[in-house]
Each structure stands twice: as C-alpha cells, then as structure tokens.
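Novice: Below is the structure, and that's it, no one-letter string:
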C-alpha cells in the first residue's frame, strides 16, 4: 500500500521541479503554498532560494532567518550553517552590511567546527575567499582558500565546487600578477559553466564573473569581448537578473574602451540604477564607471554627485578604494593637484604590493599629478613601478599605458627623442587594441615630442587628428588639453634656443620661463598651464636658482635671459 502524498509535500516537490528548470516565479508560488500549510525549515529555505533569484530581498531575509532558527532548534547544525553562509552573502549583496555578513560567516564557521567535511565547509571558504580579494585586497589569502576548496571538492567528488575553487585560485593569481596561470584556470571554469557542466547555477554565474573581472584588471579587453558575448547570451533570457545586470556593467566598460561612449552611458544609467535598487553592494562598480565617463565628458557636477553617492554605506563595501581613485582623477581634472596627489597616494598606500593589478590606474594618474606639481623624481618612480608591472603582466594595453607614462615623464625631463619613441609605441599598441581615446592621448603626446624637436607640420597633423577623436567621443577635458598643445605648436618660432640654456631646466620650467618673458604674472601662468599658483611659484623659484636670478630684479633678469635665448613667443 503506497503512502499518501500530503499537500505540503506535493507543493515542495512541484517547487523543486520548478527550481530545476529555473522557473523562479513558479517555484516561489509552490514553496509559498507549502509554507502556508506548514513552516518547516526546508520549505522556508527553498522559498528563500526562489526569492533570492527574483531579487526579492524582504522574503529572502525573512525565510532564511526563520529557517536558521528552526534548524538550530532541531539541532541540525549542518543545515543551519548552510543557511548562515547564505545569509552572509545576502547581507553583503543586498544591503552592503559587511559587519553583519561577517557575523553570519563566523556563525557558520562555529557550527561546522565539529562536523565531518562537507559542501557547507566549501561554501564558507568561497565567501571568505571572495571577501579576501574584493574587500581586504588580500589575493594571497584568497588563493590559499581556493586551494582548500579544490582539495575539499576532490575529497567529496563535487565537480561544481572544484570549478569554484579553481576560479577562486585563478582570480587571486591574476590579482597578484600571475596572469597566464590565473587565466588558464578562469578560462577552464567559464568554459565548464557555459557548456552546462556546472549544475549549481550560482557557481556557474560566479566563475564567469570572476573571469570577466580578471580581464578588466589586466585590460585584456579582447578576451573580455569574447567572453562577454557568450555570458550575455547565457544571461539574456532575463531569468538571472543579478548576472545580467552585472554583465551589462562589464560590457559598458568594454564599450568605453572601444569608444562607444553614448551606448555605454545609456547602459550604465539603466543597469547601475537596477543594481542600486536590488543589490547595492554590487552597484559601486557601475556608479564609479559612470562617474568616470561623466568626468571625461566634462560633466563635473554629475560626476561629483555620483562619486558622493558611491561613498554611501551600501555601496562603499566594494568601492572604498576605487572611490579614492575616482576622487583623485576628478581633483586632477579640476586643477586641484595637491588634493589629487594626496588621494592617489592614499590609494597606493591602501593597496598591498601583493594586489599589484589594482595599482596601474593609480600609478598612471600619480605620474600625471606629480608632473603637474613639478615633482619629477616622484613621477619617475611611479612610472618605473608601472613599467615593472606591465612587463610582468605583458598585456598590450598595460604595456601601452607604461609607454605613454614614460613619454610624459620624458617630456618633463626634456628628453624629447625618448618621449617621441614612447608615445609612438603607446599609439601603436592602443590602436591595435581598438582604444581610440587612449590612442588620441598618445597622439597628443607624440605631437608635443614632435614640435619640441622642430617637426612643426607633423606635430600639427597629429594634434588635429587627436582633436577630431576627442570631439567625436565628447571627451571635453582631453580636448581642452589637446587645444593647449595645438596653441603652443602654432605659436612656436624657429628653434635656435636651448643650446645656451642650462641642461637641468625641465620642459615645464621652460614653459613657465616663456610665459614670464611674455609678461604674465603667476596667477595667469597657473591658469594657462592648468597648474596651481603654488606649483607655478615653486617652478619659478627653481628657474631663478638655475639661471642665477635673485633679488628684486629676478623677474627682469629672467625676461632678459629669455630674450637672449629666443624664448619669447613660444
């Protein structure tokens, strides 16, 4: 005689079948029906899972917290730990409350202490590995946890967790600069996910996100484009809202790189807002990417507001260090170089050497800021650090960035031949990697190096090309900088000049000396050259020392010196 199937059991079974086909709405209906009949911890846990996929935070928290209490009352510590680690992710993802998330993670650890190894132990390590690399910037710890997940998955014969462990190792390796080794793991796990080999959908999504995140860190946008296409295709049904929104944010970054700024801006507006309302801890990347795009387009008020928003508690859990970089870049573009330098240096101090792939954007910006402040030695040191990372990683976009930065430093040092070669290499590599904005910046630098070597017509051609690209992109700030270069080239006189000048005068000091000779005061010089008055005064003091000017007649002596060396008019 067969046992009768009760209504709650029937609803549970139907709900599990709906989950298996990713029909979250149906699953939620069935599990809700089961819970109305009897509030078992199993029913509540499943209802929480279906609600999680639907971004229904209120139901997710309510069901999981109640399921946890019931499992504890039953003495089922294993199941309680499983729900506890899910709640750790929930508080992290939905509310950006890392302290609460960490509390749930610690509870899961404690509950599992005396239990035989199982998948719940792997789940706790997955959370800790993610926090280590994304919050604490500790890829060494994340790699160690990834290795432990791999070993545990092999013991348990759990393929899904094996892939998750390899992906954790892969992202950690990339963050440390071991790109080839890390990418091999990430390519493998993403392939397994998209081939349908990974049964746990959440793990399949996570390994794909890890891969695309790694591509962005090394600026391997060619690889990112290929993977984004396939991941977007997998997520395009709309059944996985978190995955789809995050993919659109990643894709927006690729569009910005490729010069499709209008489309990127539209996507960022839509999907960063969706994440803000559903998973705020994951929204910081989209908010700051949007702020960066607005800054480049000269929308300073909008960029400032978004940066302020990213500093609020729900968002800053994953964006705290990036926020420093965004503020630094904004201050630099607004001409507040002292503040920009302070913020960039704080970012560099906050980023451990082991997390080296978080350093290049800050090192590049730091070089530009230090040159604007006249601190050439510091700029040289940061350029050397960036070159070391670029040579280790070996991706063409990073090598191009290192070359661009070296060209900028060489201009400031007066080594125009080296600057020419550096900008030429940067331009070639950026164009090969389909980045019109960075290529145009390199072209502007190349124009500077050309005119400083007497190639006026070639320099004019290059800077006009750069201006056309900045115009098409709507890159207002770089367009303004390119126009400054254009005006210098147009006003350049035939060059007899620098053979009689002290060899230690830098390019910036030469610029300021010419402006002084033209009769401009310190404030006018600062405005024209986009530097602070304090920086202009520091350069003027250096010039006086190098040409032997002193006392009340120093300014007049400097003007006469400039006339003797044919500097007036450049």
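Specialist: Received, thanks. Bear in mind that the values here come from a model prediction, so they are computed numbers and not experimental data. Residues are numbered from 1 along each chain as shown.
Novice: And residue 347, what's its pLDDT?
Specialist: On pLDDT, residue 347 comes in at 92.
Novice: That one and residue 298, how far apart?
Specialist: Residue 347 sits 23 Å away from residue 298, taking CB to CB, to the nearest Å as the criterion. C-betas here are computed from N, CA, C, even on glycine.
Novice: higher neighbour count, these two?
Specialist: A count of neighbours by other CB atoms under 10 Å puts residue 347 above the other of residue 347 and residue 298, at 24 against 16.
Novice: tally of neighbours for the nearest residue to residue 34 once chain neighbours are set aside?
Specialist: Excluding the flanking residues, the one nearest residue 34 by CB to CB, 6 or more residues apart in numbering is residue 11, at 3.8 Å. Look at residue 11: counted by other CB under 10 Å, it has 21 neighbours.
Novice: Isn't residue 11 up against residue 28?
Specialist: No: under the criterion of CB atoms under 8 Å, residue 11 is not in contact with residue 28, lying 11.2 Å apart.
Novice: mind showing which ranges of the chain have poor pLDDT?
Specialist: Within the chain, the stretches with pLDDT under 70 are 1-6, 228-243, 316-319, 492-504, 564-570.
Novice: What residue spans form the domains of it?
Specialist: Residue ranges for the domains of the chain, per automatic domain parsing: 1-116, 355-492, 501-570.
Novice: how about those domains in a markdown table, adding distance to residue 263?
Specialist: Listed next are the domains of the chain as a markdown table, based on distance: least, CB to CB, whole Å:
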| stretch | distance to residue 263 |
| --- | --- |
| domain 1-116 | 25 |
| domain 355-492 | 12 |
| domain 501-570 | 30 |
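Novice: Deepest in the core, which of those domains is it.
Specialist: Ranked by mean neighbour count under mean count of other CB atoms under 10 Å, the domains of the chain are led by domain 355-492, which reaches a mean of 21.
Novice: Now find how far off-centre it is within its chain.
Specialist: Here domain 355-492 is found 20 Å from its chain centre; the criterion is CA atoms, centre = their mean, to the nearest Å.
Novice: and if you look at stretch 87-102?
Specialist: For stretch 87-102, the distance to the chain centre is 22 Å (CA atoms, centre = their mean).
Novice: cool, and stretch 205-220?
Specialist: Centre to centre, stretch against its chain (CA atoms, centre = their mean), the figure for stretch 205-220 is 11 Å.
Novice: Also stretch 249-268?
Specialist: 14 Å.
Novice: Skipping adjacent residues, who's closest to residue 223 in space?
Specialist: residue 215 (5.0 Å).
Novice: what's the neighbour count on that neighbour?
Specialist: Neighbours around residue 215, by other CB under 10 Å: 25.
Novice: can you tell me the helix or strand for it?
Specialist: Take DSSP states H and E as the rule and residue 215 turns out to sit in helix 201-217.
Novice: which residues are contacting that helix?
Specialist: Here helix 201-217 makes contact (CB atoms under 8 Å, 6 or more residues apart in numbering) with 22, 160-161, 163-164, 167-168, 170-171, 174-175, 182-183, 186-187, 189-190, 192-194, 198, 221, 223-224, 227-228, 231, 234-235, 240, 242-243, 246-247, 250, 253, 357-358.
Novice: Write the ChimeraX selection for whichever of the residues you listed are buried.
Specialist: Provided next is the ChimeraX selection string for whichever of those are buried by 16 or more other CB atoms under 10 Å:
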select :160,161,163,164,167,168,170,171,174,175,182,183,186,189,190,192,193,194,198,221,223,224,227,228,231,234,235,240,242,243,246,247,250,253,357,358
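Novice: how near is residue 539 to residue 517?
Specialist: According to CB to CB, residue 539 and residue 517 sit 14 Å apart.
Novice: thinking again about what came up before, between the domains of the chain, which one is nearest to residue 335?
Specialist: domain 501-570 (5.7 Å; CB to CB).
Novice: element containing residue 34?
Specialist: If you go by DSSP H and E, residue 34 is part of helix 24-37.
Novice: residue boundaries of the helices in the stretch 251-400 of the chain?
Specialist: For the stretch 251-400 of the chain, applying DSSP state H, counting those that start in this stretch gives helices covering 261-278, 284-296, 300-310, 313-333, 337-350, 360-372, 376-393, 396-413.
Novice: Can you add distance to residue 126 and give those helices back as a markdown table?
Specialist: Output for those, formatted as a markdown table (distance: least, CB to CB, whole Å):
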| stretch | distance to residue 126 |
| --- | --- |
| helix 261-278 | 21 |
| helix 284-296 | 20 |
| helix 300-310 | 26 |
| helix 313-333 | 16 |
| helix 337-350 | 25 |
| helix 360-372 | 28 |
| helix 376-393 | 26 |
| helix 396-413 | 29 |
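Novice: For residue 36, find the nearest of the ones you listed.
Specialist: Per CB to CB, nearest to residue 36 of the helices of the stretch 251-400 of the chain: helix 261-278, 26.0 Å.
Novice: who are the neighbours in contact with residue 107?
Specialist: 81, 84.
Novice: any idea how far it lies from residue 408?
Specialist: Counting by CB to CB, the gap from residue 107 to residue 408 is 52 Å.
Novice: re the thing from before, for the helix holding residue 34, what is the distance to the chain centroid?
Specialist: Distance, centroid of helix 24-37 to centroid of chain: 40 Å (CA atoms, centre = their mean).
Novice: got it, and stretch 546-561?
Specialist: 47 Å.
Novice: and that stretch, how far apart are its ends?
Specialist: 12 Å (CA to CA, to the nearest Å).
Novice: And the contacts of the helix or strand that the residue nearest to residue 34 is a member of?
Specialist: Using DSSP H and E, residue 11 sits in helix 7-20. Outside helix 7-20, the residues within contact range by CB under 8 Å, 6+ apart are 5, 24, 26-31, 33-34, 37-38, 40, 42-43, 46-47, 49-50.
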